[in-house]
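**Q** Kindly return the folded structure for what I paste below:
(one chain, ligands or ions: 1)
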Amino acid sequence: MWRVSFKTLLAVLLCSFLFACERSPTPADAGVVDEAGFTAPSAITVGKHQQSQRALSAASQTEFMDASRGLLASPENLQVRNAQGEIIWDQPGYRFIKGQAPASVNPSLWRRAQLNNIHGLFEVVPGIYQLRGFDLANLSIIEGQSGLIVVDPLTTRETAAAAWQFFREQTGNTKPVLAIIFTHSHIDHFGGVFGVIQEQQARNGDIQVIAPKGFIKEAVSENVLLGVAMQRRAGLMYGQRLPRSARGHVDTGLGKEPAISGDVGILRPTHIIDHTPQRLMIDGMEFIFQHAPESEAPAELTFYLPALKAYCGAELVSQTLHNVYTPRGAKVRDALKWSRYIEEARQTFAEARVYFASHHWPIWGRERIDQFLRSQRDTYKYIHDQSVRMINRGFTAREIAESIALPEALQEVFSSRGYYGTVKHNSKAVYQAYMGWFDAVASNLDPLPPQQAGQGYVALAGGAKALFETARQAFDDGNYRWSAELLTHLEFSGEGNDAASELLAASYDQLGYQAESGPWRDFYLSSAFELRHGKPRKANSIAAAEQMLAEVPLELFYDALAVRILPDKVAGKRTAIGIRLTDLDAAHLLYLENSVLHHRPLQASDKTDAVLNITHAAFLKMMTGNLGLKGMLASDAVKIEGSRVRLMAFFAGLDKPAGDFAIVRP
Ligand SMILES: [Zn+2]
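**A** Residues are numbered from 1 along each chain as shown. Sure thing, here's the model as predicted:
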């Protein structure tokens, strides 16, 4: 048993109910440019919104009733701070989201943002509580015979503790926590575990911990190899630098935002879920688990409580179209498997009278749950099947994305709409999964990189000014995708100027305002923000993550070292370095040949240039950059055999990506 505490890795990575029938100007619409530089919504954007506003005004209010049903109490001023006193959760920051949608927000996303603003302690049914809007995800509590079973204790210790305290205060329930269920390997569902229980309780073996097969490995490994790039991109996807305002971040579609900069922990499971159906008695309650790996997460489960006729769908099903492809960057998910698991759950747990999950609000009633599961099932399968059909007709990813649309029956279902994932991106994900990036057009076998292409397009247009004028016309016509594309060529050609950057940013503003998807809005608006204010001054850092990284398999770290090799620095070198982790009794050989680094267990007969004897903790410090080379050599935790010079040269051959790379500019 062990515990970790570190500043969160981004994992990664909630009222007023009725829409008025006509839009009227709101204060949020006023002004041409706001203090962050965001421009006013254009007449074309306003026109688009008016159309969808009319459609929404007639929409059912069922979701608002569901999202409020069972509300026992809502905290008045929910702000959560970390140990440094920084606010890491700020619900009052979203109070501006009420009433009529401002013209700078897609009305459907605004509606979703209102739904996700409804927060507090809810009784789902007697025996099941949820704390919603204390973090990106929900914390659920099930009353057992003598204690409590906690499902998915949020992202950080601080947000989970706030939710937990609120539950205790409001219910007066003082029963002990006897079990924790981690539904899947994403950090917003486990990181806050030590806000709910004490580390000591876990160490004593007092707590049952249930998780899907592969949970620890997937949970700790996700960001090791690509962490730097994914964190940089996640900052854009979640609008990390955006103001919370009508022209800034309003919602992720899945919840308000991920809590970051708090303490994160994880617990090893005592019970593994690895098949379906898998029965388990937990504190006198019968649980039937579904094992759903490689769906929304690589390790995932859902479960059913026969006594309460309650189905917890985890994140296999949500009240939104989810990401088959996530724009922060990740391996694409399997839409077909995903759909099959939903159908399996529908059949296996057909008696369910209430559905609740790791995000969003529950659904009550057998018929409605069945309808929900069928529409979720069909949304993923439709995207899969129709994308494949069109691939076989010769359409490329962009063409499929442009023409695919859900059948009308599914378009009308709010939980199938693209508040988080989008049909366009998910169809591209299906293409990518089967066909890869190449579209079979020969000019794309070896296209010019963006900078050269940009210069070519500028020349073709008759110079930067002419290209700008064409883009300006496209912008004035409301063709923002085209103006953005043209201006990106200009930006990357190196021949742009401030006016061109601003017009590109203004194009992104309008695209962001029009987007129904929270991540799309945040990506567009964050890009506009970076064009106007520059890239972030420092990277999202994994520097403090070493305690959680202690669970990462060593082989993965050596893989992560190999992807940092600088070819120029190691050209022609053959080096063999031993790394012995003195407190783990683990030793590996790292050998370099042809500018490629390999690793395998160290054998007594191996010839090495140097052997680094180091404690696991010091090694992790080194991996996260908390302990530099000089510090390492001076440390008591380190002993070197062989050539110190060769060892230094080896580490000097490793790249150190700063994680603050440019995106909107070359
Ligand atoms: Zn989640």
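
**Q** Ile44: what's it in contact with?
**A** Contacts for Ile44 (Cβ atoms under 8 Å, 6 or more residues apart in numbering) come out as 478, 510. From N, CA and C alone the C-beta is placed, and that goes for glycine too.

**Q** what's the following helix or strand after whichever helix or strand it is part of?
**A** Under the criterion of DSSP states H and E, Ile44 resides in helix 43-57. Following helix 43-57 in sequence order, the next helix or strand is helix 62-68 (DSSP H and E).

**Q** Helix, strand or coil: sort out whatever residue of the stretch 151-300 of the chain ends up closest to the ion for me.
**A** Closest to the ion within the stretch 151-300 of the chain is Asp188: 4.4 Å, counting by Cβ to the ion. With DSSP: H, G, I helix; E, B strand; the rest coil as the basis, Asp188 sits in helix.

**Q** Now for it, how many residues are close by?
**A** Residues near Asp188, counting by other Cβ atoms under 10 Å, number 28.

**Q** do Leu225 as well
**A** If we define neighbours as other Cβ under 10 Å, then Leu225 has 15 of them.

**Q** My understanding was that it contacts Leu556; is that so?
**A** Yes: with contact defined as Cβ atoms under 8 Å, Leu225 and Leu556 form a contacting pair (7.1 Å).

**Q** Return the residues in contact with Gly239.
**A** With contact set as Cβ under 8 Å, 6+ apart, Gly239 has these partners: 248-249, 257, 521-522, 525-526.

**Q** taking those one by one, which sit in helices?
**A** Mapping the contacts of Gly239 onto helices (DSSP state H) picks out 521-522, 525-526.

**Q** Output the contacting helices and strands for the helix or strand where Leu633 lies.
**A** Secondary structure assigned from DSSP H and E places Leu633 in helix 629-634. Under the contact criterion of 3 or more Cβ pairs under 8 Å, 6 or more residues apart in numbering; DSSP states H and E, helix 629-634 touches helix 616-623, helix 644-652.

**Q** And for His275, nearest residue in space, chain neighbours not counted?
**A** Leaving out its chain neighbours, the residue that sits closest to His275 by Cβ to Cβ, 6 or more residues apart in numbering is His291, at 5.4 Å.

**Q** Spell out which residues of the protein are next to the ion.
**A** By Cβ under 5 Å from the ion, the residues of the chain that approach the ion are 137, 186, 188, 315.

**Q** Apply 6 Å and report the result again.
**A** The chain has residues 137, 186, 188-189, 315, 358-359 near the ion, with proximity defined as Cβ under 6 Å from the ion.

**Q** Phi and psi next, for the closest residue in space to Ile197 that isn't next to it in sequence.
**A** Nearest residue to Ile197, sequence neighbours excluded (Cβ to Cβ, 6+ apart): Val177, at 5.1 Å. The phi/psi pair for Val177 (degrees, to the nearest 10) reads phi -80, psi 120.

**Q** Can you give me the domain assignment for this protein?
**A** As given by automatic domain parsing, the domain ranges for the chain are 450-533, 553-652.

**Q** ends of the longest one, how far apart?
**A** Domain 553-652 has an end-to-end distance of 24 Å (criterion: Cα to Cα, to the nearest Å).

**Q** Check the shortest one too.
**A** Domain 450-533 stretches 22 Å from its first residue to its last (Cα to Cα).

**Q** separation between the residue lying closest to Asn444 once chain neighbours are set aside and Phe492?
**A** Distances taken as Cβ to Cβ, 6+ apart place Phe438 nearest to Asn444, at 6.5 Å, with adjacent residues excluded. Distance, Phe438 to Phe492, using Cβ to Cβ, to the nearest Å: 22 Å.

**Q** The two - which one has more neighbours?
**A** Phe492 (21 against 10).

**Q** so who does that one touch?
**A** Counting by Cβ under 8 Å, 6+ apart, Phe492 makes contact with 450-451, 453-454, 665-666.

**Q** just Leu612 next, same as before
**A** Contacts for Leu612 (Cβ under 8 Å, 6+ apart) come out as 577-580, 638, 640, 647.

**Q** Confirm that it sits in a strand.
**A** Yes: assigned with three-state DSSP, Leu612 falls within a strand.

**Q** Can you tell me how far it is from the ion?
**A** Computed as Cβ to the ion, to the nearest Å, the Leu612 to the ion distance reads 39 Å.

**Q** in whichever strand or helix holds His598, what's buried?
**A** Using DSSP H and E, His598 sits in strand 596-601. For strand 596-601, a neighbour-count test (16 or more other Cβ atoms under 10 Å) marks 597, 599 as buried.

**Q** Touching it from outside, list them.
**A** 555, 558-559, 561-562, 565, 587-592.

**Q** returning to what we had before: make JSON lines out of the domains of the chain and add mean pLDDT.
**A** Listed next are the domains of the chain as JSON lines, based on pLDDT from 0 to 100:
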{"stretch": "domain 450-533", "mean pLDDT": "98"}
{"stretch": "domain 553-652", "mean pLDDT": "90"}
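
**Q** among those, which is the most enclosed?
**A** domain 450-533 (a mean of 20; mean count of other Cβ atoms under 10 Å).

**Q** these two touch, right, Glu86 and Ala259?
**A** No: using Cβ under 8 Å, Glu86 is not in contact with Ala259, being 11.1 Å away.

**Q** Those two: which is more packed in?
**A** Comparing Glu86 with Ala259 by neighbour count (other Cβ under 10 Å), the higher total belongs to Ala259, at 29 against 12.

**Q** from what I can see that one touches Thr155, true?
**A** Yes: at 4.6 Å, Ala259 counts as touching Thr155 under the criterion of Cβ under 8 Å.

**Q** Tell me which two in the contacts of Gly239 are the farthest apart.
**A** Pairwise distances across those peak at 13.5 Å for Glu257 and Leu525 (criterion: Cβ to Cβ).

**Q** Identify the contacts common to those two.
**A** Common neighbours of Glu257 and Leu525 (Cβ under 8 Å, 6+ apart) are 239, 249.

**Q** show me where pLDDT drops low in this protein?
**A** 1-31, 539-547 (pLDDT under 70).

**Q** In the chain, spot the helix with the most residues.
**A** Every helix in the chain considered (DSSP H), the longest is helix 366-392.

**Q** can you give me the strands for the stretch 451-600 of the chain?
**A** Secondary structure of the stretch 451-600 of the chain, counting by DSSP state E, counting those that start in this stretch: strands at 575-581, 586-593, 596-601.
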